[in-house]
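Asker: Test case, fold it:
(6 chains)
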Number of protein chains: 4
Amino acid sequence: MPKQTFFNLPAGKRKRIIDVAITEFLENDYQAASISRICAAAEIAKGSFYQYFTGKEDLYLHLFELMATAKGEFLKENLPDPQTGIFEYMRRLAEIGVEFELAYPRLSKLGYRAAAGNALPAGFEERMQQDTLAFFRRLLAQGKAQGSIAPEIDEDLAAFMLNSLFGELGRYLMQRAEAAGLRPGENGNSLFAEPQIQALLNQTFDILEKGFRQDLRD
Amino acid sequence: MPKQTFFNLPAGKRKRIIDVAITEFLENDYQAASISRICAAAEIAKGSFYQYFTGKEDLYLHLFELMATAKGEFLKENLPDPQTGIFEYMRRLAEIGVEFELAYPRLSKLGYRAAAGNALPAGFEERMQQDTLAFFRRLLAQGKAQGSIAPEIDEDLAAFMLNSLFGELGRYLMQRAEAAGLRPGENGNSLFAEPQIQALLNQTFDILEKGFRQDLRD
Amino acid sequence: MPKQTFFNLPAGKRKRIIDVAITEFLENDYQAASISRICAAAEIAKGSFYQYFTGKEDLYLHLFELMATAKGEFLKENLPDPQTGIFEYMRRLAEIGVEFELAYPRLSKLGYRAAAGNALPAGFEERMQQDTLAFFRRLLAQGKAQGSIAPEIDEDLAAFMLNSLFGELGRYLMQRAEAAGLRPGENGNSLFAEPQIQALLNQTFDILEKGFRQDLRD
Amino acid sequence: MPKQTFFNLPAGKRKRIIDVAITEFLENDYQAASISRICAAAEIAKGSFYQYFTGKEDLYLHLFELMATAKGEFLKENLPDPQTGIFEYMRRLAEIGVEFELAYPRLSKLGYRAAAGNALPAGFEERMQQDTLAFFRRLLAQGKAQGSIAPEIDEDLAAFMLNSLFGELGRYLMQRAEAAGLRPGENGNSLFAEPQIQALLNQTFDILEKGFRQDLRD
DNA sequence: GATGAATGAGGATTCATTCAT
DNA sequence: TATGAATGAATCCTCATTCAT
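Answerer: Okay, the predicted model is just below:
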């Protein structure tokens, strides 16, 4: 909830402020991040800052809103057909997650940074988590309906497992790609065109599928 | 590496300082944590603090050492026989993890907090992660040797998956127990005596086992 | 290089800060001089100080710049015609030196204080010395050209001698005047109107002249 | 006036403390010099320090006493026959000054450092100056008696001039020697064996002699 | 709407010295 | 006599925020 004045700003200036702020919050704890430095780097008067934002927290929260919005739009554009089967859907989800990180590397890093932070207003972080968990629960329920997930699976537990995994999978794959000397955009324009990364994704969802599926013989 | 002076202190005073410090670092970013507040709460002179520790970082690191030591001893005492099969072993590991959290709730919370911090001396956090991952890789290799894990499983990927899961499982189970109105120590003296928690653990490792195991029919 | 903010200050406030600072640095080592005390005495907030100056050193250096500027202007206004002969010129120089001390007693004392300090940025003090020595060397070369200084005189050595002498002469004369019960401004408006002081100056430059001059009979 | 306990110390330990202290006071302002550092470097307990000395000032003053004693003994051993003529005597004096600096470089540097300091107890520094000036006045009176100094010379002024000059001459000559690439002890074992340095000393005292002497023709 | 000076609380840390052992 | 832990005042400096222009 930045003030209206902020949104009245020329887009360039607004972007400059946001970019500078992301950098500052990436490089420093919430507490250690300095409004003074942000103003200096963004070349705005300190007084102006307080005409755009209520204060430090206001700015910080706004960055998350930006991230949420960006991720939301990203998903809307890329989300696959849920009909394709639950595991294929999840696999595509993971790919989109990585693509989002590649598209907004700084913004998504900021998200990780917040995970253990406590500077966020109580409940903010939790709400994000709850939303994600609810999403996975819906997905799992759908899987059960489709018959590809065993009915006895505890949906809450499984949602937790998927959440733990997905929260880190993107970074892991990027790290593996880097370790293998791959660079995004070289082969086709997606990391996932790389056979090695393909194989890793395949195996990940094979494991999940085997673990979760309706086991015919038991 | 607190100074010798610190270790010469009467145990009670030392404990008081540590407890106060844990609280401070739990409630604040590294940067925001205040030596002044710690001194005031621990009722020691500010000058004394610097006779015990090199500085803020020294204290912070010491808390991690304490945690590492505590966890190490905890494991040494409780670690099961690896012969019992890899999944039984992992299951016991998870239980121990939860028990550690119950035994040292504040210390282990501090560990989670560090995940996103950037104030730690470079490499400290990473080293901890590397150690854990290496441990899981060894475990998986052993599982392959025992024939309970499919040989085509990428050990690095699987270690990452287990690490993601285990890092959060303890907290999740405690939260589920709490949601179910259970309290540790009421039924027998372990949370795991509770049938509901037992069931969750069973299912978790069933899923993993199915996912990872040598698949007979393929 | 105080910040622009400082120069934007009303002249009175600026002067108050400078006066207080001079006092503080006169009464204390560089290290012992206290920004807190300066702020208190100048009745400015501690935060404000750091909006005017980069830090302690910045302030300290600024005092020297002030002195250099003041002395420069003082000389520009009072410097005699070099045509009058080298010793007459030097004599006038000494008088101006004393007059400067009378006009800016605290500022010039600050200059003496710096001699043994080691907190100044490396080279600052030395550069001042080098400038003075170079000035004397030029003067001596001129004297040789005029035939009033023996050509075999080592200019570097002589410059050093003059520098040693001039650095202290002002204070010495003032002290003699004080010991004789004279007060500046009582007799005419210059100390040098006093016959006793006149005599001392005469003798000083007689000695130098005899020592340095082209000795006709040798 | 260190306490008796200090003088009861084994000579080695005493020397160690003194050496460390000289270093500390050479590298720092009086105020910035740290008893803690001295204790650490000298490997004595902080409590012990206060059993040897009253406090920081006590130690500092003791270093000056040591210097005074050392210089006194140095002079006693090297002082020439005053009969040899006043200028020859002064010349020898200057040489001894330099030799003292070469023999006790750190101790004598400490002396310079104090010149502009204000940390010395009031009067200490002045007394040293007064002693030196008195010495020069006696020397000049003697020169008048010997007929080598003009009777009309103001003894106080001349003493001041000599004092200014001698206070710096040693350092100047060493610096010249260094600039000329000379090193003490290479040629004979004295810097003064060097012809260039000889020449400078000769000229210095020629100048003084011409300036001060009974001028035959006036 | 923009500015940037003013504020003073608070930060980590070092210090000389005392004193109980 | 030797020790070294305890002390708390004092250090410089940074901060987010306010407010008059």
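Asker: Name the helix or strand of chain A that has the lowest mean pLDDT.
Answerer: Lowest on mean pLDDT, DSSP states H and E among the helices and strands of chain A sits helix A:105-114, with a mean of 78.
Asker: Helices of chain A, start to end?
Answerer: For chain A, the helices defined by DSSP state H occupy A:4-8, A:11-27, A:35-42, A:46-52, A:56-78, A:86-103, A:105-114, A:124-146, A:155-179, A:195-212.
Asker: Run a quick neighbour tally on the residue nearest to A:E152 when sequence neighbours are not counted.
Answerer: Closest residue to A:E152 apart from its sequence neighbours, by Cβ to Cβ, 6 or more residues apart in numbering or on different chains: B:Q203 at 7.8 Å. From N, CA and C alone the C-beta is placed, and that goes for glycine too. A count of nearby residues for B:Q203, using other Cβ atoms under 10 Å in any protein chain shown, gives 18.
Asker: Tell me, what's the model's pLDDT at B:Q203?
Answerer: You'll see B:Q203 listed with a pLDDT of 94.
Asker: Test my guess that it contacts A:L157.
Answerer: Yes: applying Cβ atoms under 8 Å, one finds B:Q203 in contact with A:L157, separated by 6.2 Å.
Asker: re earlier: quick one: the residue nearest to A:E152 and chain C, what's the gap?
Answerer: According to Cβ to the nearest Cβ, to the nearest Å, B:Q203 stands 59 Å off from chain C.
Asker: Please list all residues in contact with that residue.
Answerer: B:Q203 is in contact with A:152-154, A:157, counting by Cβ atoms under 8 Å, 6 or more residues apart in numbering or on different chains.
Asker: Let me know the angle separating the least confident helix or strand of chain A from helix A:124-146.
Answerer: Relative orientation of helix A:105-114 versus helix A:124-146 (axes from the mean of the first three to the mean of the last three Cα atoms, to 10 degrees): 100 degrees.
Asker: before we move on, the earlier item: TSV for the helices of chain A, including distance to DNA strand F?
Answerer: Below are the helices of chain A laid out as TSV (distance: least, Cβ to the nearest atom of the strand, whole Å):
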stretch	distance to DNA strand F
helix A:4-8	12
helix A:11-27	9
helix A:35-42	4
helix A:46-52	4
helix A:56-78	4
helix A:86-103	27
helix A:105-114	16
helix A:124-146	17
helix A:155-179	28
helix A:195-212	40
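Asker: residue contacts, the spatially most central residue of chain A?
Answerer: In chain A, the residue lying closest to the centroid (Cα atoms, centre = their mean) is A:S108, at 5.6 Å. Residues near A:S108 by Cβ under 8 Å, 6+ apart: A:67, A:71, A:100-101, A:170.
Asker: Which pair of the residues you listed spans the longest distance?
Answerer: Greatest spacing in the contacts of A:S108, by Cβ to Cβ: A:M67 and A:G170 (13.8 Å).
Asker: So, low pLDDT: which residues of chain A?
Answerer: Within chain A, the segments meeting pLDDT under 70 span A:82, A:112-125, A:184-189, A:214-218.
Asker: and the contacts of B:Q203, which of them are in strands?
Answerer: The members of those all map outside strands under DSSP state E.
Asker: just curious, which of these is nearest to DNA strand E?
Answerer: Comparing these against DNA strand E with Cβ to the nearest atom of the strand places A:L157 closest, at 41.0 Å.
Asker: Tell me how chain A divides into domains.
Answerer: What the record gives for chain A is the domain set A:4-54, A:66-212, from automatic domain parsing.
Asker: For C:A199, see how far away A:L93 is.
Answerer: Using Cβ to Cβ, to the nearest Å, A:L93 is found at 101 Å from C:A199.
Asker: Looking at the two, which has the bigger crowd around it?
Answerer: Remark: of A:L93 and C:A199, A:L93 carries more neighbours, 19 against 13, as counted by other Cβ under 10 Å.
Asker: quick one: contacts for the residue lying closest to the more buried one once chain neighbours are set aside?
Answerer: Ranked by Cβ to Cβ, 6+ apart and with sequence neighbours excluded, the top spatial neighbour of A:L93 is A:F166, at 7.3 Å. Residues near A:F166 by Cβ under 8 Å, 6+ apart: A:93-94, A:97, A:136.
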